[in-house]
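In: my questions are about this predicted structure, shown below with the sequence.
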Amino acid sequence: MKELKVGLKALKARSDAPSSVLFICGMNVVRSPMASAITRTLFPHVIYTRSAGVHKGENDPFVKIAMEELGVDISTHYPHTYAELDDENFDLTIALTREAKDYAEELTASTGSSLDVWLTEDPTLEKGNREQRLNAYRKVRDTLIDRIKVNFCG
């Protein structure tokens with residue numbers, strides 16, 4: 001079995017790191033809430049972050065488990081669309097799926113936000129027993145941690 005990480009500790013952001021980031025995916029259920037919570041945990045009070053979906057989904061219990069393993073509570077997250085956000089002004093928008101990329105291209109054209117695309121696997125497609133499925137979520141979580149560190153860490 002994979003050794004679990006003990007937790008996420010706050011890091012120093014690069015001087016050119018964005019001060020606000022929107023993570024957007026298809027349904028705001030798995031990838032974008034994970035990425036937002038990870039960023040908030042690694043760069044508290046430094047990088048303001050939100051997440052949204054092109055469509056509204058329903059909470060996924062595997063996300064909560066995978067994040068709790070790192071000491072990150074995501075239980076208050078409720079999926080929502082970009083239209084339901086109370087904020088449109090982000091320095092950077094990161095699309096995590098192809099559908100979100102297409103949506104975000106139109107969005108960023110009118111908001112002035114920079115756009116980056118981090119196509120990320122969909123762990124909900126994993127078949128198998130509970131542990132195999134949970135490992136797919138852990139893999140996505142760990143991939144997001146690595147990308148966030150590479151792109152924002154000082």
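Out: Cool, the structure landed.
In: only C-alpha atoms for contact and neighbour calcs from this point on.
Out: OK.
In: other SSEs contacting the lowest-mean-pLDDT helix or strand in the chain?
Out: One helix or strand of the chain scores below all others by mean pLDDT, DSSP states H and E: helix 98-111, with a mean of 93. For helix 98-111, the packing partners by 3 or more CA pairs under 8 Å, 6 or more residues apart in numbering; DSSP states H and E come out as strand 20-25, strand 92-95, strand 114-117.
In: for the residue positioned nearest the centre of the chain, give its distance to Gln132.
Out: The centre of the chain sits closest to Ala35, judged by CA atoms, centre = their mean, with a distance of 2.0 Å. Using CA to CA, to the nearest Å, we find Ala35 at a distance of 21 Å from Gln132.
In: adding distance to His80, write the helices and strands packed on helix 98-111 out as JSON lines.
Out: JSON lines is the format used below for those (distance: least, CA to CA, whole Å):
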{"stretch": "strand 20-25", "distance to His80": "10"}
{"stretch": "strand 92-95", "distance to His80": "15"}
{"stretch": "strand 114-117", "distance to His80": "20"}
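In: closest to Pro123 out of the ones you listed?
Out: strand 20-25 (13.0 Å; CA to CA).
In: residues in contact with that closest one?
Out: Outside of strand 20-25, the residues within contact range by CA atoms under 8 Å, 6 or more residues apart in numbering are 31-33, 35-36, 47-54, 82, 89-97, 99-100, 104.
In: give me the distance from the longest helix along the chain to the chain's centre.
Out: In the chain, with assignment by DSSP state H, the single longest helix is helix 130-152. Centre-to-centre, helix 130-152 and its host chain are 10 Å apart (CA atoms, centre = their mean, to the nearest Å).
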